[in-house]
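# model the structure of this input:
(chains A, B, C and D)
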Number of protein chains: 2
Amino acid sequence: MKVYKIPEATVMRLSVYSRFLHQLLDEGVNTASSEAIAQGVGVSSAQVRKDLAYFGEFGTRGVGYRVDELYGHLKSILGLDHDWNIILVGAGKLGSALALYQGFAERGFHVSTIVDNDKKIVGNKLGMVTVEPIEVMTQRVKEKDIKVGVLTVPASAAQNVTDLLVEAGIKAILNFSPRVLKVPNTVILRNVDLSVNLEVLSFNLNMNKKN
Amino acid sequence: MKVYKIPEATVMRLSVYSRFLHQLLDEGVNTASSEAIAQGVGVSSAQVRKDLAYFGEFGTRGVGYRVDELYGHLKSILGLDHDWNIILVGAGKLGSALALYQGFAERGFHVSTIVDNDKKIVGNKLGMVTVEPIEVMTQRVKEKDIKVGVLTVPASAAQNVTDLLVEAGIKAILNFSPRVLKVPNTVILRNVDLSVNLEVLSFNLNMNKKN
DNA sequence: CCACTCTTGTGAAATAGTTCGCAATTAAGT
DNA sequence: ACTTAATTGCGAACTATTTCACAAGAGTGG
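As a prediction, the model looks like this:
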């Protein structure tokens, strides 16, 4: 199980495999071949096997994979076998939606703190959590040992907030703001950019029209 | 300008370049070198030049790129020089947030119809648009000639809705539901999967811990 | 108008990621 | 036990993407 460098695309697919396996579990399926998984998630079977091979041998030749077993391995590989505390910075439209998003909790990401700099929003309850003023951010990250921050602030505030989070000791940031953030390379950064996704669609529509 | 196949990563970066150039315009910057753009968005300068080279020669040797000019080219390449009507299917937490999301409108994506199958939600106003029952979906897509659909429905409903949209003549789908969708290859599909993003973060946190 | 500096555009090389093809292994049937 | 069918794991071949490196322009200053 020597791990040099796992392609990010592989990691993303592992997450999709894991979801598909969960679906199979629900349906009471016991074993699945790489081909079955491949069909289910829309990739090639060789791809599935290659992705899994980075982490070990999970299947049985001639048979396939035991669904429950492989699911367990994937959860563990993805670090989903324990919970993560997360802080949500920015409780506007998108932030509120994410705070209430079930997918977070389902995967063990627990929104334990929400902060915003708008006095009109502070005090609101989103699910079980009350929105606090941004001033307490650093303190909360430290005292609750929060590793993951989710940013849904306007672009103009993004870098500022990021610097504060980094200084407070955050380990990973999921950034929804349309701004390229600078972080030390000890901090893991992922960007989810809704405009980029729209624009890729637009590009493809535009291409199709021309050709 | 012969276009065989543009890597998707290139298209995504073009979108990011375009946003950065917009920022430079705001700051009154007239010209930018590939190196300046590269610094601004966190890629290599060679990457910037290579990406642009797919579409033509936009710079001046020894000088760089005129910001306004390159911005215009990118907008046009990305198909952002005219508006797109979009339909939003699913007006729950995430759907509502997206309906009110400014980034859509800013880039010329106009949410012209919102539908949901929950009677309690139908009739609500989100911005200028009233949520309509899902039964009118097909009709609206046809009569308004809507090309782009945004899906924020539960996984269980996703494929069903997709089939209806495809049949109604939709050209592109931005899917926020955590389900792999099957569409004919005449329809452009992009998936934005919040759980996948979280899980990639989790994976990386997990790795760091171990090494 | 020459020398110098800067920066693009682009083949070529290097790196990364995907697909192919098949030996190895397992189970099932006879 | 033997044969057949299924399916993994994995090296090798292939394809895609990124980086390198440099010739070709373009502006600047003397």
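# mind giving me the packing neighbours of the helix or strand encompassing residue A:160?
Assigned by DSSP states H and E, residue A:160 falls within helix A:155-168. Counting contacts by 3 or more Cβ pairs under 8 Å, 6 or more residues apart in numbering or on different chains; DSSP states H and E, helix A:155-168 is packed against strand A:84-89, helix A:137-144, strand A:148-151, strand A:172-175. Bear in mind the C-beta positions are built from the backbone N, C-alpha and C, glycine included.
# if we use 7 Å, what do you get?
Under the contact definition 3 or more Cβ pairs under 7 Å, 6 or more residues apart in numbering or on different chains; DSSP states H and E, helix A:155-168 sits against helix A:137-144, strand A:148-151, strand A:172-175.
# what are the contacting residues of the one helix or strand in chain A whose mean pLDDT sits lowest?
The helix or strand of chain A with the poorest confidence is helix A:102-106; it has a mean of 84 (mean pLDDT, DSSP states H and E). Around helix A:102-106, the neighbours that count as contacts under Cβ atoms under 7 Å, 6 or more residues apart in numbering or on different chains are A:111, B:178, B:194, B:195, B:198.
# next step: those restricted to helices.
The helices, defined by DSSP state H, take in B:194, B:195, B:198 from the contacts of helix A:102-106.
# report the inter-axis angle for the helix holding residue A:160 versus helix A:137-144.
40 degrees (axes from the mean of the first three to the mean of the last three Cα atoms, to 10 degrees).
# buried residues of the helix or strand harbouring residue A:73, list them for me.
Following DSSP H and E, one finds residue A:73 within helix A:67-77. Going by neighbour count (16 or more other Cβ atoms under 10 Å in any protein chain shown), the buried part of helix A:67-77 is A:67, A:70, A:71, A:73, A:74, A:75, A:77.
# what are the buried residues along the least confident helix or strand of chain A?
A:103, A:104.
# likewise for stretch A:173-189?
A:173-181, A:183, A:187-189.
# surely residue A:91 and residue A:132 touch.
No: contact criterion Cβ atoms under 7 Å: residue A:91 and residue A:132 do not qualify, at 9.5 Å.
# identify the contacts common to these two.
Counting by Cβ under 7 Å, 6+ apart, the residues touching both residue A:91 and residue A:132 are residue A:114.
# in a strand, residue A:11, correct?
No: according to DSSP: H, G, I helix; E, B strand; the rest coil, residue A:11 belongs to no strand; its state is helix.
# and the helices and strands packed on helix A:155-168: which comes nearest DNA strand C?
strand A:172-175 (19.5 Å; Cβ to the nearest atom of the strand).
# quick one: distance of that closest one to the chain centre.
9 Å (Cα atoms, centre = their mean, to the nearest Å).
# how about stretch A:122-139?
Distance of stretch A:122-139 from its chain centroid, counting by Cα atoms, centre = their mean, is 22 Å.
# and for it, what are the contacting residues?
Residues contacting stretch A:122-139 (Cβ under 7 Å, 6+ apart): A:89, A:91, A:96, A:99-100, A:111, A:113-117, A:121, A:164, A:168.
# domain parsing for chain A?
Listed domain ranges for chain A are A:8-77, A:84-196 (source: automatic domain parsing).
# so the first one, near chain B or not?
Yes: counting by Cβ under 7 Å from any Cβ of the partner chain, chain B has neighbours in domain A:8-77: A:8, A:11, A:12, A:15, A:16, A:19, A:40, A:41, A:42, A:77.
# turn those residues into CSV, columns for distance to residue A:31 and pLDDT.
Listed next are these as CSV, based on distance: Cβ to Cβ, whole Å; pLDDT from 0 to 100:
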residue, distance to residue A:31, pLDDT
A:8, 29, 95
A:11, 24, 97
A:12, 24, 97
A:15, 21, 97
A:16, 19, 96
A:19, 18, 94
A:40, 13, 95
A:41, 17, 95
A:42, 20, 94
A:77, 19, 96
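# where in chain A is pLDDT low?
Residues of chain A meeting the criterion pLDDT under 70: A:1-4, A:210-211.
# can you rerun that using 90?
A:1-5, A:93, A:101-108, A:178-180, A:185, A:194-195, A:207-211 (pLDDT under 90).
# for DNA strand C, what are the nearby residues on it?
A:5, A:7-10, A:43-44, A:46-47, A:49-50, A:60-63 (Cβ under 7 Å from any atom of the strand).
# for ChimeraX, write the selection for the buried entries among those.
Buried residues among the residues of chain A next to DNA strand C (16+ other Cβ under 10 Å), as a ChimeraX selection:
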select /A:10,43,47,49
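# quick one: which of the residues of chain A next to DNA strand C is nearest to residue A:157?
Lowest distance from residue A:157 to those (Cβ to Cβ) belongs to residue A:8, with 27.3 Å.
# fine by me, thanks again.
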